[in-house]
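>>> got a structure for you, letters missing:
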């Protein structure tokens, strides 16, 4: 039995949740960008007061607008990119 046949046999025994986990692992193993993102260091730069204020304002805006953001078409219109 080849390694590939053995892997297929093992995959056939997995449940849906286990199969999804293996699929994610294989994607990371075969995709260099995904691997780089997975191995990237955690952003540990402190959040500035300006950034904290901007996040607070954005959350307040979302609350006032029913938790919904701006539709893509509206954002494009506002930016003059229609």
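That came in fine, so what should we check first? Because the structure is a prediction, the values reported are computed rather than measured.
>>> switch to C-alpha atoms for all contacts and neighbour counts from now on
Noted.
>>> Determine the set of other helices and strands touching the worst-scoring helix or strand of the chain on mean pLDDT.
Least confident helix or strand of the chain, by mean pLDDT, DSSP states H and E, is helix 32-39 with a mean of 83. Judged by 3 or more C-alpha pairs under 8 Å, 6 or more residues apart in numbering; DSSP states H and E, helix 32-39 is in contact with helix 16-30.
>>> follow-up on the earlier one: and the helix or strand just after the least confident helix or strand of the chain, how far from the chain's centre?
The helix or strand immediately downstream of helix 32-39 is helix 49-64, counting by DSSP states H and E. Helix 49-64 sits 22 Å away from the centroid of its parent chain (C-alpha atoms, centre = their mean, to the nearest Å).
>>> Now do the buried residues in stretch 13-27.
Within stretch 13-27, no residue counts as buried by 16 or more other C-alpha atoms under 10 Å.
>>> quick one: average pLDDT of that stretch?
Taken as a whole, stretch 13-27 carries a mean pLDDT of 91.
>>> So what touches it?
Defining contact as C-alpha atoms under 8 Å, 6 or more residues apart in numbering, one finds that stretch 13-27 is touched by 11, 34.
>>> how does it look with 7 Å?
residue 11 (C-alpha atoms under 7 Å, 6 or more residues apart in numbering).
>>> Could you shift the numbering so residue one becomes 859, and keep it that way?
Okay, using 859 as the starting number, the last item reads as stretch 871-885.
>>> distance between it and the chain's centre?
What separates the centre of stretch 871-885 from the centre of its chain is 18 Å, taken as C-alpha atoms, centre = their mean.
>>> State the distance from residue 868 to residue 862.
Residue 868 sits 10 Å away from residue 862, going by C-alpha to C-alpha, to the nearest Å.
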